[in-house]
Each structure stands twice: as structure tokens, then as C-alpha cells.
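> Structure, please.
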Amino acid sequence: MVTLGIERLVSAPPAWLRGQRLGLLCSQASTDRQFRHSRDLIQQAFPGQLTCLLAPQHGFFAEKQDNMVESAHGVDPVTGLPVFSLYGVTRRPDRAMLDLFDVLLVDLVDVGTRVYTFFSTLGYCLEEAARLGKQVVVLDRPNPIGGVAVEGNMLVGACASFVGLYPLPMRHGLTFGELARFANEEFALGADLTVVPMAGWQRPMLFADTGLPWIFPSPNMPTPGTALVYPGQVVWEGTNLSEGRGTTLPFELFGAPFVEPAALLAALADLPLPGCVLRPLTFEPLAQKWAGQACRGFQLHVTDPASFLPYRTTLALLQAIMRLYPEDFQYKPPPYEYEYQRLPLDLLIGDSQLRQSLAAGDDLLQLERRWQPGLAAFAELRRQYFLY
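Next up, the predicted model:
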């Protein structure tokens with residue numbers, strides 16, 4: 001059985017937290033296995049010490065659907081505590097927020113992909129905590145797509161943004177606590193950081209192996225299966241293809257009115273795309289891209305998570321669509337996640353040269369071989385920060 005960091009913290013409250021004013025960075029998904037919210041557990045374990053809540057992108061209740069849809073500060077209706085949005089007027093905690101606590105507890109459900117912005121929020125919190133002398137305690141949770149596989153090119157500095165602050169591959173294979181340790185040390189953030197590890201979690205585990213309930217951390221991450229395809233399928237956000245937003249299967253469904261599934265499958269016939277089936281279908285989004293229009297495309301079914309390569313799969317599809325539909329395919333224009341000049345696709349992929357190589361028709365497997373040395377170096381370096 002996996003025991004979460006929050007469960008371990010409140011089952012044996014450490015003496016070093018007694019008397020400290022506590023802030024909590026969390027969302028509605030921050031619960032224990034019995035669905036009890038972390039703020040309630042912390043109030044019970046540390047009476048009178050919790051002073052405020054902070055919330056990441058999508059809002060405390062994960063009610064905001066899209067990027068650059070901001071949340072205002074508010075008041076928690078359960079505790080009466082102030083809730084500060086870190087995806088609104090500011091994406092960094094300011095001095096007024098940090099003055100309310102001595103220790104920032106962090107209990108967020110991450111999905112194991114570089115572009116998921118919860119880690120950018122944590123990165124900013126680590127930077128500001130270091131600047132103002134606050135302690136940060138990350139209450140660890142599982143990486144829902146496992147802690148073994150890493151995949152993708154390393155982000156280059158010119159493509160750093162809120163969907164990728166630091167040079168990481170698309171799929172990093174670290175828990176949120178391990179990721180915090182890695183970034184704090186390797187990128188010299190300088191925060192006074194403690195991680196409360198889980199008990200019972202093992203690196204090969206997918207979320208279904210943990211025995212924990214899945215609570216969606218953002219509106220378009222409804223299931224652990226969504227998280228499994230997300231390291232590739234998020235790339236469609238930088239294009240005019242629907243990534244399935246406005247349907248009940250975001251990121252698992254994708255397509256556009258101009259796609260011909262049979263032609264696309266034929267174009268991919270010689271490329272190894274293990275562990276998945278692309279099932280042709282037509283879907284009609286209720287919102288977002290192509291709302292109310294029939295989109296031809298696929299549902300991406302993962303048949304073998306251990307061999308599935310989400311990033312390769314989507315880049316192969318992207319390159320084939322670029323070649324087959326040059327008059328119809330388009331890059332999504334800025335703005336995207338508060339970047340007003342650079343192409344969203346470059347920010348998502350993390351390397352504008354890679355995007356240009358894909359558009360030029362360069363062999364995808366050769367492109368993968370080029371980024372393997374950097375990926376291998378990361379895979380080895382991250383081992384220093386393993387907690388499991």
C-alpha cells in the first residue's frame with residue numbers, strides 16, 4: 001500500500017513544525033486516500049497554525065478550463081482562510097503572501113510531464129522562498145506515469161517559459177518531491193527544502209498500482225489514462241488540431257476536419273509506435289478548437305504502458321500531418337501561457353530547431369538519436385535525487 005506524504009506528515013506531526021505559521025499550496029485534488037482534504041488534515045494536526053492557502057493554475061477547485069484563464073484571490077468557504085491565486089495577477093508568491101507563513105507546505109498532484117505548470121509554480125515558490133528565507137516542505141505523491149521511463153529532448157534555454165522553466169525532458173520520471181530536490185540543487189534555487197516521502201511507492205508503479213483514488217488535478221486530466229498519453233498529446237495545443245478539449249476524452253481524442261485517418265495511418269506504417277493503437281473515429285468538440293464541427297482523427301488507446309512512447313507517437317503524427325496537409329495544418333499563434341512572441345509549439349516541444357526539423361521532414365528516429373546523449377545524461381543525473 002502506498003502512503004502519501006500528507007498522510008505520513010499528519011500521522012506523526014514533526015516537532016520542528018510546532019509553532020510555525022503554515023501556508024499550503026494545494027488544489028481540490030489534494031486529499032488523502034479517504035478523500036479528506038489536506039487543509040483539513042493539517043488543521044487537525046497543527047491546530048491554529050495554518051494561515052493561508054495558495055492555488056496553482058486552474059484555480060483551487062480546478063474550475064478554470066484553459067490557459068491564461070486567471071483565478072482571483074478569494075476566501076476558502078470551509079476554513080475562512082485566504083486563498084491566494086498563483087495564476088492570476090501574479091504567478092509568483094509576493095512578499096505579502098510570504099509574510100503570512102514561516103513554512104510553505106506543498107501538496108499537489110503532478111502528472112510527470114515537463115509542460116504541466118504545477119512544477120513551474122513550485123519553482124517560483126522555491127525561488128521566492130529562498131529570497132525571503134522561508135522553508136518549503138513538499139509532501140510527496142506518486143508520479144502517475146511511473147518513475148522509470150524518461151523520454152524526449154531536453155528543453156533549450158531559448159524556449160524556457162511557464163510551460164518549461166528548466167532544462168528537462170518531456171517525460172522526466174520523477175515524483176514531485178524528487179523533482180523539487182533536483183531543481184533546487186541543479187539549478188541553484190537555494191531554497192530551504194524538505195521532502196516528506198511516501199512509503200510503499202516503487203518506481204515501476206503506474207497510478208493504478210498505487211491503490212489510491214484518482215482526483216483530477218485539472219479539468220482536462222480526468223483519468224490516469226489521460227496522464228499516460230499527455231507527454232505527447234499536449235503538443236497538439238501548439239497547433240490547429242483539436243487535442244480533444246470540449247469532449248469527454250481530452251488528449252485521448254485528437255483530430256481536425258481536414259484529417260483523413262486512413263492516409264495518416266498509411267504514412268506511419270513503417271515507423272515503430274509500440275504499445276498503442278490508433279483507432280480512427282469522428283468526434284465533435286462542444287468547445288475550443290473546431291467547436292460544433294466534425295473532426296476526423298483517432299482515439300489513442302494505450303495497450304502496453306511499459307513499451308508505449310507517447311512523445312514519439314505524437315511527434316510522428318505531427319510530422320505526418322505537416323507533410324500530408326500543408327495547406328490546412330497551422331501553428332497556433334501566440335499568446336500562450338503569457339508568451340506573446342514565441343510560437344506555442346516551440347515552447348511545448350522545448351526546441352525550435354526540433355520543430356523546424358520535423359517540418360523539413362527529417363527522419364524522426366534520427367532526431368531521437370541526436371537527443372539521446374542529453375537524455376542519457378539527465379537519466380543518470382536524476383538518480384542522485386531518487387527517494388525510492
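
> Please enumerate the strands of the chain.
Under the criterion DSSP state E, the chain contains strands at 22-25, 50-55, 74-75, 82-85, 103-106, 135-139, 192-196, 253-256, 276-283, 295-302.

> Output these in a markdown table; the columns should cover mean pLDDT and distance to Leu179.
The way it works is simple: take the backbone N, C-alpha and C, and place the C-beta from them, glycine included. Shown next, in a markdown table, are these (pLDDT from 0 to 100; distance: least, CB to CB, whole Å):
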| stretch | mean pLDDT | distance to Leu179 |
| --- | --- | --- |
| strand 22-25 | 98 | 14 |
| strand 50-55 | 98 | 18 |
| strand 74-75 | 96 | 28 |
| strand 82-85 | 97 | 22 |
| strand 103-106 | 98 | 11 |
| strand 135-139 | 98 | 9 |
| strand 192-196 | 98 | 10 |
| strand 253-256 | 98 | 27 |
| strand 276-283 | 98 | 26 |
| strand 295-302 | 98 | 23 |
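
> Minimum distance to Met205: which of these has it?
Nearest to Met205 among the strands of the chain is strand 295-302; the distance by CB to CB comes to 15.7 Å.

> Domain-wise, how is this structure divided?
5-213+381-385, 224-366 (automatic domain parsing).

> Let me have the strands of the chain in JSON lines, adding mean neighbour count and distance to Val235 as columns.
Formatted as JSON lines, the strands of the chain follow (neighbours: other CB atoms under 10 Å; distance: least, CB to CB, whole Å):
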{"stretch": "strand 22-25", "mean neighbour count": "26", "distance to Val235": "28"}
{"stretch": "strand 50-55", "mean neighbour count": "23", "distance to Val235": "27"}
{"stretch": "strand 74-75", "mean neighbour count": "13", "distance to Val235": "33"}
{"stretch": "strand 82-85", "mean neighbour count": "21", "distance to Val235": "27"}
{"stretch": "strand 103-106", "mean neighbour count": "26", "distance to Val235": "28"}
{"stretch": "strand 135-139", "mean neighbour count": "24", "distance to Val235": "28"}
{"stretch": "strand 192-196", "mean neighbour count": "19", "distance to Val235": "30"}
{"stretch": "strand 253-256", "mean neighbour count": "26", "distance to Val235": "10"}
{"stretch": "strand 276-283", "mean neighbour count": "15", "distance to Val235": "15"}
{"stretch": "strand 295-302", "mean neighbour count": "20", "distance to Val235": "12"}
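
> Put together TSV for these, with distance to Gln319 on each row.
Below are the strands of the chain laid out as TSV (distance: least, CB to CB, whole Å):
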stretch	distance to Gln319
strand 22-25	38
strand 50-55	37
strand 74-75	44
strand 82-85	38
strand 103-106	38
strand 135-139	37
strand 192-196	39
strand 253-256	14
strand 276-283	15
strand 295-302	15
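
> how much distance is there from stretch 375-384 to the middle of the chain?
Relative to its chain's centre, stretch 375-384 lies at 20 Å (CA atoms, centre = their mean, to the nearest Å).

> Give the buried residues for it.
By neighbour count on 16 or more other CB atoms under 10 Å, the buried set for stretch 375-384 is Leu375, Phe378, Ala379, Arg382.

> of all these, which comes closest to Arg21?
Out of the buried residues of stretch 375-384, the member with the shortest distance to Arg21 (by CB to CB) is Arg382, at 33.1 Å.

> residues in contact with the longest helix seen in the chain?
Longest helix in the chain, counting residues (DSSP state H): helix 364-381. For helix 364-381, the surrounding residues in contact (CB atoms under 8 Å, 6 or more residues apart in numbering) are 150-154, 168-169, 172-173, 182, 186, 271, 312, 315-316, 319, 354, 357-358.

> Show the average pLDDT along it.
Throughout helix 364-381, pLDDT has a mean value of 98.

> Distance from that helix to the middle of the chain?
The answer for helix 364-381 is 21 Å, by CA atoms, centre = their mean.

> Send over that helix as CSV, restricted to the C-alpha atoms.
The C-alpha coordinates for helix 364-381 follow below in CSV (Å, rounded to 0.1, in the frame of the first residue of the first chain):
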residue,chain,number,x,y,z
LEU,A,364,12.2,11.2,-36.6
LEU,A,365,14.3,8.2,-35.4
GLN,A,366,17.5,10.0,-36.3
LEU,A,367,16.2,13.1,-34.5
GLU,A,368,15.6,10.9,-31.4
ARG,A,369,19.2,9.6,-31.7
ARG,A,370,20.5,13.1,-31.6
TRP,A,371,18.9,13.9,-28.3
GLN,A,372,19.8,10.6,-26.6
PRO,A,373,23.1,11.8,-25.2
GLY,A,374,21.4,14.7,-23.3
LEU,A,375,18.6,12.4,-22.2
ALA,A,376,21.0,9.8,-21.0
ALA,A,377,22.9,12.4,-19.0
PHE,A,378,19.7,13.6,-17.4
ALA,A,379,18.6,10.0,-16.6
GLU,A,380,21.9,9.4,-14.8
LEU,A,381,22.0,12.7,-13.0
